[in-house]
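Asker: Need the 3D shape of this:
(chains A, B and C)
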Amino acid sequence: MSTETIQSNPGFFTRNKHYWLLVPGVVWMTLFLVVPLGMMVYVSFWTQTTFAISNDLTLKSWQTFFASETYFGALIRTIRIWLTVLFLTILIGYPAALFIGQMVRNKTTQTILLVACVIPFWTSFLIRVLAWRPMLGKEGAINILLQKLGLIDAPIEVLLFTELAVIIGMVQIYVVFMVGPIAFMLARIDQSLIEAARDLGASGWTIFRKIILPLSLPGVVVGAIFVSVMVLGEFATSSALSGRKVNLLGNIIVTQVGSLKWAFAAVIGVVLTAVMALVVTILLRIVDLRKEL
Amino acid sequence: MIELSALSKSFGDAVALRDVSLTIEDDEYLTLLGPSGSGKSTLLRLIAGLDKPDAGSILVNGQNTIGLPPHQRGLGIVQQNYALFPHMTVQQNVEFGLRWREENPVRDEKELARRVGAMLELVGLNGFENRGVGQISGGQKQRVSLARTLVTEPKVCLLDEPLGALDANLRERMTLELRRIRDTLGVTFMHVTGNEDEALAMGDRMIVLDQGHVVMIAPPDAIYNLPCSMRVAQVLNAYNILGGQSRDNGFEHGGKLLPLPEGASEAAHYAIRYDAAKIVPQDDPSALLQVTFLTSEFTGGGVTYFMRGPDGVFEVERHLSRADPEVYTSGQALAVTWDAKDALVYDAQGVLIGHSEMRGAA
Amino acid sequence: MNQPFLKITLGVYVGLFLAYLYGPFLVMGIISFQQGPEGGPQFPIIEWSTFWYQHVLGFAPPTRVAPLPIGEALTRSLTLAFATMVVSTVLGTMTAQAFRTNFKGSGFVFYLVVLGMMVPGVLLGLGMSLVANQLGIDRTWWGTAFVLHVVYTFPFAFLVMLAIFNRFDGRVEEASLALGVTPARTFRKITFPIIFPGVLSAMLFAFTLSYDEFPRTLFTGGPDVTMPIAIYGTFSVEIHPNLFAFGVLTTLFSFALLTVYGLLMTASVRRAQARNSGMQEDIE
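Answerer: Numbering: from 1, shown residues only, chains lettered A, B, ... in the order given. Here you go, the predicted model:
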């Protein structure tokens, strides 16, 4: 009777069968995600003249970007608006998520409320952006309403075609991406934890600070990532609601591509990517997403 | 016949099985007793092919099964949680293996219905064919799981804690049922459990597994009467094990000298089974150890008395067929005694060294 | 945190919050009934009419307002969304299945996939255009745009399936294997039916994301436009209430679709429940 410890070799395919499942996804992402991004970085160093582009490497486009008031200003503006919108979506979204995730005990009501938040999404994004125009204008719905209620005498002009309009629009469109993940995390909090804390004499504020807030943090981070990705890449909302007054990095990329200034567009793209990468890295340090799943 | 040789398996730093060798014969009921952490579930999974051993071999009827995927091994496994297919009826569950297996699938509807019907009858579930899996009780689920495996006529059926989730009543009935079914079919059952009573009751042969190592293989009564090592005695949960050392012609424990059986020397542990000891008044001439009464537990057919001895709890079991239960008060000073012939001694390594008779050995 | 005062305050807050969410929607709905063809997309409502709905559906007499290119663009968007849904769900399921065992480099693969939803569309669109230029490939909605749609939706499908598999009890698969059933058939007969609701969610997710996708498609869609691009085209030109009429119609359509989906899900859940009320007992 053989007692050798033979480990028979079941063949390359069977042993690594497992890895074959990964190949299509990884290949797809490498080809169509990594390569385009890499290309963008590469092109940002190309030489761009008014009419042509050649792949001789130079830093000229980069210098133009950082030296120019307009373009560098756009970077600052983009970051400023991003931070404002992010802050506002958290500020506005968190209480709503708190209500839905914690206060509403009935599962059906919870679902209904969440669905209610999602329904606006079924209208095309661009139409929703445009729908803000008749809301915010001088003769827009808000002004009409406020005047009818007697709260103001003359229409507020600053509502449309300003940075404020862009912020209002963006917050409304993206706040749901903050409410969703937070409400999800909050709903997962075991009620018995809170009851136990209350039994031990903790005040409502302490419970919030020490239990609810920390446990909802992954949701805030996920929401922050979603909102940041979308806001940093924005150009449609700013274009529609500011009458071209507010130029974000996204807008500049679009216009540069429109005039075929590829190298310069690539520079802006790389700058945006760098900002995005920084943001995501920082956010992911706060919470390890893989564990949460 | 299945032969395991020098099987070892670790998960990271944790060693689950160490150098396990044993033979599983045809047409036998084999039980494996192992406390939690002993590696018993791991062993079953290795045999079934659901995990790969780090070293060692498994031969099924002479054929090496290393690298053989589980669906080609011809073995059956009944898992602890039954793992019934939730989206199918009882009928569909039981016929699943027959209908969809790679080798010799049965496609004739009449044949399938006949075999499934016969098996359900054997396990006592005829009429349950169209029930949904969520509509039956735990005991019924277990029998469906059993039927599903047995209908494919495996050479060996591995059972992982099959009676664990059942209430005591059901457990007793299923004990008899399992034996009956196995005897009828002539399949080998390898029944793994952490419950010592179950392991002793079911098997023709019994294996004791402790911390990944096989510590004893013998018929149940041999194991119970003559545990070959201190570890086995501990796992059986039926022995008082007293520490001390042998001196002159006795065993010193708690300041007393206990009588040694013949042929014992250099003993480090002294074991006396719960039902071999007797409680006597403190000043009884036959008293061997002074104890105080702690509490007692009524177990239906008997009473277990918990006494505090010199270095821990000393348990005494009395069966009520012999006498009415004695009543003691907490803290009452008493003594225990036993026949020297009933004592087992072990050396410092825990190996059995002395006993008076080979009682019940095969 | 159940003090009634807090609850009421938050409740009122959520009411206002929903008003904020729905405000533009309502406005859009109202204006869609603006008089046409002279009425513009702003208040006041000159006269209530369904003119713009007729315009969208192609029934109105020709005016100087160009009709929305619904027929072609809509079909293209639906086709693209459907294809994206299939491909990204398959990729997502395969990759999530691979993640059921720990393997070296799983962290790398995880973030590579998730990267797809963390890169703003603008950047990917730009990068892809550059690649297309360089390689001399034409930009098409079924080529360059399609691959980017999948890049975008694949991570979502992946995460959904990952969560589903995390809750999936693999022991039923082991039971099937031990009965002599091959792994492939085990997947078809056991695994897939059980994870199917998750697959359905992933598909819905992917379809929705692709259907409304805009920045990536803008750069890579080529001459044949999808619906969102068509709408974007009207941005710089004047906008008219027909856009809003269209918005209302598509919203209602999506609403209908989701109701159907909801009913299907409830029906399948109820059927499953009838067959196995009560989950398998956890015996550990």
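Asker: What residues sit buried inside stretch A:229-245?
Answerer: By 16 or more other CB atoms under 10 Å in any protein chain shown, the buried positions in stretch A:229-245 come out as A:229-242. Placement of C-beta: from N, CA and C, glycine included.
Asker: same question, stretch C:254-264
Answerer: Within stretch C:254-264, the residues scored as buried using 16+ other CB under 10 Å are C:254, C:258.
Asker: Could you confirm whether it reaches chain A?
Answerer: Yes. Shown here: stretch C:254-264 in contact with chain A (CB under 8 Å from any CB of the partner chain) through C:254-255, C:258.
Asker: On the pLDDT front, check residue 88 for me.
Answerer: Let's take chain A. At A:Leu88, the pLDDT value in this model is 93.
Asker: that's the wrong chain, I meant chain C
Answerer: The predicted local confidence for C:Ser88 is 95.
Asker: Name the nearest residue to the residue of chain A found nearest chain C, ignoring sequence neighbours.
Answerer: Nearest residue of chain A to chain C: A:Gly233, at 2.3 Å (CB to the nearest CB). Residue nearest to A:Gly233 in three dimensions, not counting chain neighbours: C:Pro120, with 2.3 Å by CB to CB, 6 or more residues apart in numbering or on different chains.
Asker: thinking again about what came up before, enumerate every residue touching the residue of chain A closest to chain C.
Answerer: A:250, A:272, C:120-123, C:215 (CB atoms under 8 Å, 6 or more residues apart in numbering or on different chains).
Asker: 10 Å - rerun?
Answerer: Contacts for A:Gly233 (CB atoms under 10 Å, 6 or more residues apart in numbering or on different chains) come out as A:78, A:248-250, A:253, A:272, A:276, C:119-125, C:215-216.
Asker: the domain parsing of chain B - what is it?
Answerer: Following the assignment in automatic domain parsing, chain B carries domains at B:2-225, B:230-354.
Asker: Chain C now?
Answerer: In terms of domains, chain C is parsed into C:1-65+C:240-246, C:70-234 (source: automatic domain parsing).
Asker: Distance across the longest one, terminal residue to terminal residue?
Answerer: In other words, domain C:70-234. End-to-end distance for domain C:70-234, by CA to CA, to the nearest Å: 13 Å.
Asker: Show me the least confident stretch of the domains of chain C, going by mean pLDDT.
Answerer: Across the domains of chain C, domain C:1-65+C:240-246 has the smallest mean pLDDT, namely a mean of 77.
Asker: Next, see if it gets close to chain A.
Answerer: Yes. Using CB under 10 Å from any CB of the partner chain, domain C:1-65+C:240-246 reaches chain A at C:1-3, C:6-18, C:20-32, C:34, C:40-44, C:241, C:243-244, C:246.
Asker: I'd like to know which elements whichever strand or helix holds B:Phe96 is packed against.
Answerer: Per DSSP states H and E: B:Phe96 is located in helix B:90-100. Secondary-structure packing of helix B:90-100 (3 or more CB pairs under 10 Å, 6 or more residues apart in numbering or on different chains; DSSP states H and E): helix B:109-122, helix B:138-150, helix C:171-178, helix C:183-186.
Asker: related to what we said a few turns ago, how near is the residue of chain A closest to chain C to chain B?
Answerer: From A:Gly233 across to chain B, the span is 42 Å (CB to the nearest CB, to the nearest Å).
Asker: next one: A:Lys60
Answerer: Taken as CB to the nearest CB, the span from A:Lys60 to chain B is 55 Å.
Asker: Tell me how far that residue lies from A:Ile53.
Answerer: Taking CB to CB, to the nearest Å as the measure, A:Lys60 falls 12 Å from A:Ile53.
Asker: Likewise for A:Ala266?
Answerer: A:Ala266 sits 10 Å away from A:Ile53 when distances are taken as CB to CB.
Asker: Check C:Glu173 too.
Answerer: Going from C:Glu173 to A:Ile53 by CB to CB gives 55 Å.
Asker: Show me which of the two is the more surrounded one.
Answerer: Ranked by neighbour count (other CB atoms under 10 Å in any protein chain shown), C:Glu173 and A:Ile53 place C:Glu173 first, with 21 against 17.
Asker: give the contact list for the more buried one.
Answerer: Residues near C:Glu173 by CB under 10 Å, 6+ apart: B:50, B:83, B:85, C:100, C:181, C:183, C:186-187, C:190-191, C:194.
Asker: What of C:Met161?
Answerer: Going by CB under 10 Å, 6+ apart, C:Met161 touches C:89, C:91-97, C:99, C:168, C:195, C:198-199, C:201-202.
Asker: what about stretch A:126-135, start to end distance?
Answerer: End-to-end distance of stretch A:126-135: 15 Å, with CA to CA as the criterion.
Asker: Need the mean per-residue confidence for it.
Answerer: For stretch A:126-135, the mean pLDDT works out to 83.
Asker: Show me which positions of it end up buried.
Answerer: Neighbour-count burial for stretch A:126-135 flags A:126-135 (criterion: 16+ other CB under 10 Å).
Asker: any residue of that stretch up close to chain C?
Answerer: Yes. Under the criterion of CB under 10 Å from any CB, chain C is reached by stretch A:126-135 at A:126-135.
Asker: How about stretch B:177-189?
Answerer: No. Using CB under 10 Å from any CB, stretch B:177-189 stays clear of chain C, coming no nearer than 14.3 Å.
Asker: Convert the C-alpha atoms of that stretch to CSV, please.
Answerer: This file holds the C-alpha atoms of stretch B:177-189, laid out as CSV (Å, rounded to 0.1, in the frame of the first residue of the first chain):
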residue,chain,number,x,y,z
GLU,B,177,-32.8,5.2,12.8
LEU,B,178,-29.3,5.8,11.6
ARG,B,179,-28.2,2.4,12.7
ARG,B,180,-31.1,0.8,11.0
ILE,B,181,-30.6,2.6,7.8
ARG,B,182,-27.0,1.8,7.7
ASP,B,183,-27.5,-1.8,8.4
THR,B,184,-30.1,-2.0,5.7
LEU,B,185,-27.9,-0.4,3.0
GLY,B,186,-24.6,-1.9,4.0
VAL,B,187,-22.9,1.5,3.5
THR,B,188,-20.1,2.5,5.7
PHE,B,189,-21.0,5.5,7.9
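Asker: Now do it: distance to the chain's middle.
Answerer: On the basis of CA atoms, centre = their mean, to the nearest Å, stretch B:177-189 sits 17 Å off its chain's mean C-alpha point.
Asker: any idea what sits nearest residue 124, other than its immediate chain neighbours?
Answerer: Answering for chain A, as no chain was given. Closest residue to A:Ser124 apart from its sequence neighbours, by CB to CB, 6+ apart: C:Asp212 at 5.6 Å.
Asker: look at chain B instead
Answerer: B:Gly124 sits nearest to B:Arg143 (CB to CB, 6+ apart), 6.5 Å away.
Asker: got the contact list for the one you found?
Answerer: With the criterion set at CB under 10 Å, 6+ apart, B:Arg143 makes contact with B:78, B:82, B:90, B:94, B:119-120, B:122-125, B:128, B:136-137, B:162, B:174, B:177-178, B:181.
Asker: Give me the pLDDT value at it.
Answerer: What the model reports as pLDDT for B:Arg143 is 90.
Asker: same check, this time on A:Leu293
Answerer: In this model, A:Leu293 is scored at 56, pLDDT.
Asker: Ok, B:Phe96 next?
Answerer: If you check B:Phe96, the pLDDT there is 94.
Asker: same question, A:Thr5
Answerer: pLDDT for A:Thr5: 35.
Asker: Fine by me, thanks again.
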